[in-house]
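1. this is a predicted model, with the sequence first.
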Amino acid sequence: MESTIQPAIETRALTKRYGSVPALTDLDLVVRPGEIFGFLGPNGAGKSTTIRVLLGFLHPTAGGARVLGLDALDESVEIRRRIGYLPGGIAIYDSLSGAAALDYLSDLQGRPPVRREELCERLEMPASVLRRRVRDYSRGMRQKMGVIQALQHDPELAILDEPTEGLDPLMQQAFYGILADLRGAGRTVFMSSHILSEVERVCDRVAIIRRGRLMALHGVEELLARRKRRVQVRWRGSAPDLAAVPGLSDVAVDGDRISGTLLGDVAPFVRAVASPSLVDLIIEPARLEEAFLEYYADEPAEAEDR
Amino acid sequence: MTWRLFWQTLAWNRTRLALLLLACLGWGVLIPIIYTGFSDAIREMVNSGMIPENLMSFGSGNFFSLPGALTLGLQHPLAIAFVAVFAIGSPVAAVAGERERGTLEVLLSRPISRRWHYAVVAGAVLVMIALAVTALLAGQVAGAMAVGIADELDLGLLPLVLANGILMWGAFASVALAASVSFDRAGPALGVALGFLLVNYFLEILGSLWDAAEWLQPYSLFHHFDPGQILLGDGDPLDFAVTGLALIVPAVWALMVYPRRDLAAPA
């Protein structure tokens, strides 16, 4: 039975062309409320174009998009009242202090910055830093400001374009913690990213986009389950017969080592090698990176940014 | 929310507003003083044929009456440069400038429609223009009082001069804002707005200095800002109509174009 829950984001045959150059083609996407949704693709794939259509900055050539049940074109102002947005490579008013910039953006949002204090604390932006002018901030501090301004009013939906770009590993961890809390509070996050380990770690579902077309949309677990993983066993005595193991391929024997790639369930493989003769067993975790690279295997050099 | 944007737009300009209002005031004070000190001498030079009379009629102003001198002061390149900072610079910086810096994206991700954004910026720019023209006029009145010739002016007509000035400079600002909402970078918008201002100025000055080009003057907005005529009680309603229309047409165009524009990611 089809769910009647209203999607947080829904695009239907969304198409955007710049002149004759297609940026998005027939993009169908549904982001469920309360999930953290990863939007993956290389530069020029159409990630930012999609986000800009959702915000009403760009007008679709065909198809449409709805955000929180509202039309992205006709009800854009109401959408922006309810969301938080972090643009890629954010620019914030250089002449203002950090605190004044956050106040200004909060006033324009028309909602109190109920989460600012907590976000500043977690992202290590104390009052002494916020008193300084934005022009004196490092790239990482500007990015933290971007995250804070997007989330300080506790939006129902956060649209984050490359949110951890410029953040050091410690702050990335802090950001992941913030995402986890958002998920816990039932908020929806739509984030684009280049960092596959990040998406794998924090996202519930992921869409992979290529040249403006949706290539895949799966749960992260599902996507990983469909990936090949490297396996290796060391054996004492004669090698076991692995011919009957489903999904095992590229088998190579090197002395007492057997290696190969395994697609799908690992249980039959583990059963086949389970024996007192087994010396060592390595099953590498499936990485999203491999899934991603598989979709982009024949991708030419990076296209221009869209 | 709208007021916050309005005040912040003014606040971005507060330093230059303070400095240029002082400059406008100072320049205004100087005009009656120069007129009192030099008008007789200039008149004699013209009568003696040392200076062609045409050169004394710069734009719509002249140095033979206080209202004419005040017009000259208001159409002097220095006064134009002062007011153009607000009429050209501020509108260009407010949209195309923000777009170029990348801050427009953050601003428009708030619940502000582009039409409201335009209206708020236009309102703030008109306030700055009104302050600048008021400072120029206030300076002129103060200067006239200081040298004891204020009785040559009908001060009751000053609001009309102010209104005419705001309409003319508002028209230039309207063109600048229309350019600003149409470009992704401040440079081209500034070029269009400044070019429009310079062409208007050129037509007015050329027509005033060269009889054969006099027919060009009505095509200049500067020709339709004539404080001298207004202060003599002879203001032409057509001047208000022309400057008003020149303000409205680009505004309508901008209000149609801006919401329909695609705002792609900043380069």
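-> Now that the structure is in, tell me what you want to look at. Numbers count the residues shown, from 1 in each chain, chains lettered A, B, ... in the order given.
2. in chain A, which residue sits nearest chain B?
-> residue A:91 (3.0 Å; CB to the nearest CB). Where C-beta positions appear, they are placed from N, C-alpha and C, glycine not excepted.
3. helix, strand, or coil at that residue?
-> coil (DSSP: H, G, I helix; E, B strand; the rest coil).
4. any idea how far residue A:285 is from it?
-> Between residue A:91 and residue A:285 the computed distance is 38 Å (CB to CB, to the nearest Å).
5. and the pLDDT for the nearest residue to the residue of chain A closest to chain B once chain neighbours are set aside?
-> In space, residue A:91 comes closest to residue B:102 once its chain neighbours are excluded; the distance is 3.0 Å by CB to CB, 6 or more residues apart in numbering or on different chains. pLDDT recorded at residue B:102 is 92.
6. how about stretch A:66-78 and chain B, touching?
-> Yes: Stretch A:66-78 is in contact with chain B by CB under 8 Å from any CB of the partner chain, via A:76-78.
7. quick check, distance from that stretch to the centre of its chain.
-> 22 Å (CA atoms, centre = their mean, to the nearest Å).
8. now stretch A:92-110
-> On CA atoms, centre = their mean, the centre of stretch A:92-110 falls 27 Å from that of its chain.
9. would you mind pulling the contact partners of that stretch?
-> A:81, A:112-113, A:116, A:125, A:127, A:129-135, A:137, A:141-142, A:145-146, A:148-149, A:152-153, B:1, B:4-5, B:8, B:12, B:101, B:103, B:106-107, B:110-112 (CB atoms under 8 Å, 6 or more residues apart in numbering or on different chains).
10. of these, just the buried ones, ChimeraX syntax please.
-> Buried residues among these (16 or more other CB atoms under 10 Å in any protein chain shown), as a ChimeraX selection:
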select /A:81,113,116,125,129,130,134,137,141,142,145,146,148,149,152,153 /B:1,4,5,8,12,101,103,106,107,110,111,112
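11. from the contacts of stretch A:92-110, which ones fall inside helices?
-> When DSSP state H is applied, those are split such that A:81, A:116, A:127, A:129-130, A:141-142, A:145-146, A:148-149, B:4-5, B:8, B:12, B:101, B:103, B:106-107 fall in helices.
12. tell me which element residue A:56 is part of?
-> Assigned by DSSP states H and E, residue A:56 belongs to neither a helix nor a strand.
13. wait, doesn't it sit right on residue A:72?
-> Yes: if you go by CB atoms under 8 Å, residue A:56 and residue A:72 touch, sitting 5.8 Å apart.
14. overlap of the contact sets of these two?
-> In contact with both residue A:56 and residue A:72: residue A:79, using CB under 8 Å, 6+ apart.
15. count of neighbours near residue B:168?
-> By other CB atoms under 10 Å in any protein chain shown, the residues close to residue B:168 number 30.
16. can you confirm it is in a helix?
-> Yes: counting by three-state DSSP, residue B:168 is part of a helix.
17. wait, what's in contact with the residue nearest to residue A:91?
-> A:87, A:89-91, B:266.
18. pLDDT at residue A:288, what is it?
-> 64.
19. what segments of the chain are helices?
-> No chain in the question, so chain A it is. Using DSSP H, helices in chain A cover A:47-54, A:76-82, A:98-109, A:116-122, A:127-130, A:139-151, A:169-184, A:196-202, A:220-225, A:267-273, A:288-295.
20. oops, wrong one, chain B.
-> Assigned by DSSP H, chain B shows helices spanning B:2-12, B:14-47, B:66-75, B:77-84, B:90-92, B:98-101, B:103-108, B:114-146, B:158-182, B:186-209, B:227-231, B:237-260.
21. got TSV for the ones you listed, with distance to chain A too?
-> Output for the helices of chain B, formatted as TSV (distance: least, CB to the nearest CB, whole Å):
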stretch	distance to chain A
helix B:2-12	4
helix B:14-47	10
helix B:66-75	32
helix B:77-84	22
helix B:90-92	15
helix B:98-101	6
helix B:103-108	5
helix B:114-146	8
helix B:158-182	14
helix B:186-209	14
helix B:227-231	36
helix B:237-260	7
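22. looking at those helices, which is closest to residue A:40?
-> Ranking the helices of chain B by proximity to residue A:40 (CB to CB) places helix B:103-108 first, at 22.0 Å.
23. what residues does the closest one touch?
-> So helix B:103-108 is in contact with A:55, A:57, A:80, A:85, A:87, A:90-93, A:105, A:108, A:149, B:5, B:95, B:98-99, B:114, B:117, B:263, B:265-266, going by CB under 8 Å, 6+ apart.
24. mind doing that once more with 10 Å?
-> The contact list for helix B:103-108 (CB atoms under 10 Å, 6 or more residues apart in numbering or on different chains) reads A:52, A:55-57, A:76-77, A:80, A:85-94, A:101, A:104-105, A:108, A:145-146, A:149-150, A:161, B:5, B:8, B:94-99, B:114, B:117, B:184, B:263, B:265-266.
25. now the two most distant members of the contacts of residue B:102.
-> A:90 and B:266 (10.3 Å).
26. go through stretch A:259-277 and flag the buried ones.
-> Result for stretch A:259-277 [16+ other CB under 10 Å]: buried residues A:260-262, A:268-269, A:272-273.
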